[in-house]
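Asker: Build the 3D model from these lines:
(one chain, ligands or ions: 3)
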Amino acid sequence: MEQLQKFVSNKFTLTLCFGGISALTAFTILRNKKGKNSQKKGKLYFHSVFRSNRCIWLLRELNALEDYELIDVDVWDKTSNESKSYTETVHPHTTVPALQYEDLTLLESGAICMHLAEKYHSLIPTDLGDLYNIMFYVCATLDEVQEKLFVQFFFNEKNGTEDKNEIEHATQKFNACAKYLVTRLRGKEYICGDKFSVADCVLGYNMWWASEMKEGILIQKYPELLSYLERLKSRPAFQQTWKSSKPVM
Ligand SMILES: N[C@@H](CCC(=O)N[C@@H](CS)C(=O)NCC(=O)O)C(=O)O
Ligand SMILES: *[C@@H]1O[C@H](CO)[C@@H](O)[C@H](O)[C@H]1NC(C)=O
Ligand SMILES: *[C@@H]1O[C@H](CO)[C@@H](O)[C@H](O)[C@H]1NC(C)=O
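Answerer: Ligands and ions are numbered 1, 2, ... in the order given. Here you go, the predicted structure:
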């Protein structure tokens with residue numbers, strides 16, 4: 001609580017000292033304040049270090065965490081009343097994240113991240129083609145591969161039911177993704193250029209995820225991806241988000 005407040009107020013002070021407040025920012029602050037009084041906070045459903053961390057990390061980067069109510073749902077336990085009601089009223093697949101307003105529910109972490117960046121007019125690179133490509137590539141292609149490997153490594157290997165062909169096939173696909181990402185990162189600090197963007201919150205999750213699977217066996221041979229991940233991990237918003245299994249509120 002204290003740390004978060006300190007972080008938030010430091011960021012605000014920095015903005016005041018070095019950035020100045022543009023008319024647009026002032027307008028946004030006023031509008032958000034008004035919005036806060038006239039409507040309920042949006043609800044972000046999350047669980048520990050799952051893909052919902054993309055959204056929580058982004059909210060911290062946007063300095064907007066306090067605009068949302070964070071609700072922890074144990075999506076593994078499908079039989080609990082909490083899970084059942086979550087399935088009925090929020091997410092038909094019983095997965096996280098989900099973002100819910102009174103009149104809108106968003107179900108995909110990538111879509112939620114785009115929505116947040118757009119809402120706060122921040123962390124959107126100028127080359128939208130490049131941004132869309134990375135967002136879709138990570139969510140549709142890379143996620144699929146990592147999900148398969150995650151199930152094999154974390155569940156099936158535990159009871160000796162792993163599928164060696166599936167591991168081999170998915171590892172080859174991961175390598176294809178990794179090689180592509182290395183070329184995309186060449187000469188850049190971040191995936192869409194020299195500025196950190198919403199795409200880094202999405203891809204950064206996958207890099208962290210890969211580094212957590214089997215002592216990083218997948219990502220180890222890619223020094224460019226490892227140093228990219230280190231750059232991301234050095235950000236205060238990343239550290240705050242991953243510091244504990246539950247975000248500090
Ligand atoms: N494509 C979805 C994937 C959501 C997803 O599968 N989330 C996982 C956590 S990373 C989950 O809730 N798993 C619980 C389950 O499948 O039972 C997104 O990116 O939002
Ligand atoms: C879950 O809901 C059912 C039906 O409403 C109720 O009978 C039961 O006691 C609830 N269980 C828990 C653990 O709250
Ligand atoms: C092994 O674990 C997987 C994943 O948890 C499960 O689906 C499967 O039924 C288990 N198989 C055996 C033989 O225990």
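
Asker: got the contact list for P97?
Answerer: Contact analysis of P97 by C-beta atoms under 8 Å, 6 or more residues apart in numbering lists L44, Y45, F46, F50, R51, S52, R54, C55, S109, I112. Where C-beta positions appear, they are placed from N, C-alpha and C, glycine not excepted.

Asker: Mind doing that once more with 7 Å?
Answerer: Going by C-beta atoms under 7 Å, 6 or more residues apart in numbering, P97 touches L44, Y45, F46, R51, S52, C55, S109, I112.

Asker: Within reach of ligand 1, which of those residues are there?
Answerer: By C-beta under 6 Å from any ligand atom, the members of those lying near ligand 1 are R51, S109.

Asker: Out of the contacts of P97, list just those in strands.
Answerer: Cross-referencing the contacts of P97 against strands under DSSP state E gives L44, Y45, F46.

Asker: Columns neighbour count and pLDDT on top of these, output as JSON lines?
Answerer: Below are the ones in strands among the contacts of P97 laid out as JSON lines (neighbours: other C-beta atoms under 10 Å; pLDDT from 0 to 100):
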{"residue": "L44", "neighbour count": "24", "pLDDT": "98"}
{"residue": "Y45", "neighbour count": "23", "pLDDT": "98"}
{"residue": "F46", "neighbour count": "25", "pLDDT": "96"}
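
Asker: need the longest helix for the protein.
Answerer: With DSSP state H setting the assignment, residue counts place helix 164-185 as the longest helix in the chain.

Asker: got the CA positions of that one in CSV?
Answerer: Only the C-alpha atoms of helix 164-185 are listed here, as CSV (Å, rounded to 0.1, in the frame of the first residue of the first chain):
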residue,chain,number,x,y,z
LYS,A,164,7.1,-35.9,-26.6
ASN,A,165,5.9,-35.2,-30.2
GLU,A,166,3.8,-32.3,-29.0
ILE,A,167,6.7,-30.9,-27.0
GLU,A,168,9.0,-31.2,-30.0
HIS,A,169,6.5,-29.7,-32.4
ALA,A,170,5.6,-26.8,-30.1
THR,A,171,9.3,-26.2,-29.3
GLN,A,172,10.0,-25.8,-33.0
LYS,A,173,7.2,-23.3,-33.3
PHE,A,174,8.5,-21.4,-30.3
ASN,A,175,11.9,-21.2,-31.9
ALA,A,176,10.3,-19.8,-35.1
CYS,A,177,8.5,-17.2,-33.0
ALA,A,178,11.7,-16.4,-31.0
LYS,A,179,13.7,-15.9,-34.2
TYR,A,180,11.1,-13.6,-35.7
LEU,A,181,11.0,-11.5,-32.5
VAL,A,182,14.8,-11.3,-32.4
THR,A,183,14.7,-9.7,-35.9
ARG,A,184,11.9,-7.4,-34.8
LEU,A,185,13.9,-6.2,-31.8
